[in-house]
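1. just need the structure, nothing else, for what follows:
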Amino acid sequence: MSDTVEPDLPRGIALAWGIAADPQRGPKREMSVERIVEAAVAIADVEGLGAVSMAAVAARLGYTPMSLYRYVSAKDDLVLLMQEEATGLPPEPGDEAGGWRERLEELYRAQVLLYMRHPWVLDIPISGSPITPNSAAWMDAGLAALVGTSLSHDERLAVMLAITGQSRWCGSVLAGYARVARETGVDDASISQREDQLYRSLITGDAYPFLRDAIDAGVFVDDSDPFAYGLERFLDGVAAYIAQLEAGGAHAPSRGWVSDPDAELAADKRFRDARKSVRDAERALRDARKHERQAAREAAERLKRAGASG
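-> Next up, the predicted model:
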């Protein structure tokens with residue numbers, strides 16, 4: 001007999017896995033969880049996640065909100081199921097399947113496209129890994145790509161999570177550009193030029209010398225993909241690490257999560273006040289340095305004018 005204890009699944013997860021009980025009453029033939037979720041996704045794709053409500057979905061389907069609650073009992077459950085629907089299944093390996101690296105790059109591109117097609121998914125707060133069938137399939141696909149390597153299970157998971165994080169970051173930027181383009185009617189190049197102009201007007205070489213050098217080099221109007229570059233360099237590092245392991249090298253020691261050493265002190269009012277005083281002092285220091293730089297420029301101008309008149 002197994003000692004495994006079956007967890008008490010939240011209804012949203014149970015619905016995603018198809019193991020929740022169906023409602024006993026209601027318009028069964030016309031209504032279903034699938035139709036509710038499809039309608040909600042359709043609303044979100046056009047109007048954003050904020051436009052999704054039980055009332056809006058019910059109106060789209062031609063029913064009352066109470067009819068929906070027989071199938072999806074909470075808005076959070078609906079959002080979970082919407083995310084599952086939008087996520088879909090990962091692509092199958094292509095006909096010319098390469099090694100682990102090519103497969104991870106394929107999954108990365110597919111995830112970026114997912115965010116571009118359903119940008120509202122990025123508005124769903126992250127509260128852990130969504131334990132749903134499609135999300136599990138993406139995790140499984142990423143881990144499957146690394147099965148033939150010398151990486152440990154922990155290392156494979158870490159690589160897969162890094163790919164997922166990079167795709168989400170890239171997708172959020174591209175989705176943001178697309179939203180601005182829809183709202184303003186301008187193209188990506190015009191948006192980049194506007195950003196470049198803003199940076200040039202606000203960022204000075206005195207205050208931010210290295211950022212200003214990058215701006216002057218044209219980084220904000222360069223049409224290359226910085227996320228693809230970061231992904232390539234990350235995978236270069238993974239490839240080098242795998243080669244090291246295959247040559248007999250040891251696995252890198254595991255690292256713990258980042259933690260706040262002052263977390264236990266945060267409830268103390270005097271400690272919070274002291275932190276605020278530090279922030280205020282840092283702000284005052286930044287302002288003072290700004291005034292100092294301005295005074296230095298003005299002094300240099302006066303000396304220059306005095307030398308010219310002499």
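2. contacts for stretch 252-261?
-> For stretch 252-261, the external contacting residues (Cβ atoms under 8 Å, 6 or more residues apart in numbering) are 154-155, 241, 266. Every C-beta, even on glycine, is put in place using the N, C-alpha and C of the backbone.
3. as JSON lines, the residues you listed with secondary structure would be great.
-> Formatted as JSON lines, the entries for the contacts of stretch 252-261 read as follows, by DSSP: H, G, I helix; E, B strand; the rest coil:
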{"residue": "154", "secondary structure": "helix"}
{"residue": "155", "secondary structure": "helix"}
{"residue": "241", "secondary structure": "helix"}
{"residue": "266", "secondary structure": "coil"}
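4. and these, which two are furthest apart?
-> Using Cβ to Cβ, the pair of those lying farthest apart is 241 and 266, separated by 37.0 Å.
5. so those two - more neighbours on which side?
-> Counting neighbours by other Cβ atoms under 10 Å for residue 241 and for residue 266 shows that residue 241 has the greater number, 18 against 10.
6. show me what contacts that one?
-> If a contact means Cβ under 8 Å, 6+ apart, then residue 241 has 151, 252 as its contacts.
7. tell me the pLDDT of it.
-> Residue 241 is assigned 97 on the pLDDT scale.
8. quick one: it from residue 234, how far?
-> As defined by Cβ to Cβ, to the nearest Å, residue 241 lies at a distance of 11 Å from residue 234.
9. residue 283 too?
-> Taking Cβ to Cβ as the measure, residue 283 falls 35 Å from residue 234.
10. go on, residue 65?
-> Using Cβ to Cβ, we find residue 65 at a distance of 46 Å from residue 234.
11. now swap in residue 67 and tell me
-> 48 Å.
12. pick out whichever of those two has more residues nearby.
-> Applying other Cβ under 10 Å to residue 67 and residue 234 shows that residue 67 carries more neighbours, namely 18 against 15.
13. can I assume the more buried one is in contact with residue 58?
-> Yes. Here residue 67 reaches residue 58: they are 6.5 Å apart, a contact under Cβ atoms under 8 Å.
14. quick one: the helices in the stretch 201-310 of the chain, in order.
-> In the stretch 201-310 of the chain, the segments counted as helices under DSSP state H, counting those that start in this stretch are 209-216, 226-246, 269-309.
15. can I get these in TSV with distance to residue 182?
-> As requested, the helices of the stretch 201-310 of the chain are exported to TSV (distance: least, Cβ to Cβ, whole Å):
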stretch	distance to residue 182
helix 209-216	27
helix 226-246	21
helix 269-309	36
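16. right, and those - which one's nearest residue 76?
-> Minimum separation from residue 76 across the helices of the stretch 201-310 of the chain (Cβ to Cβ) falls at helix 226-246, 30.4 Å.
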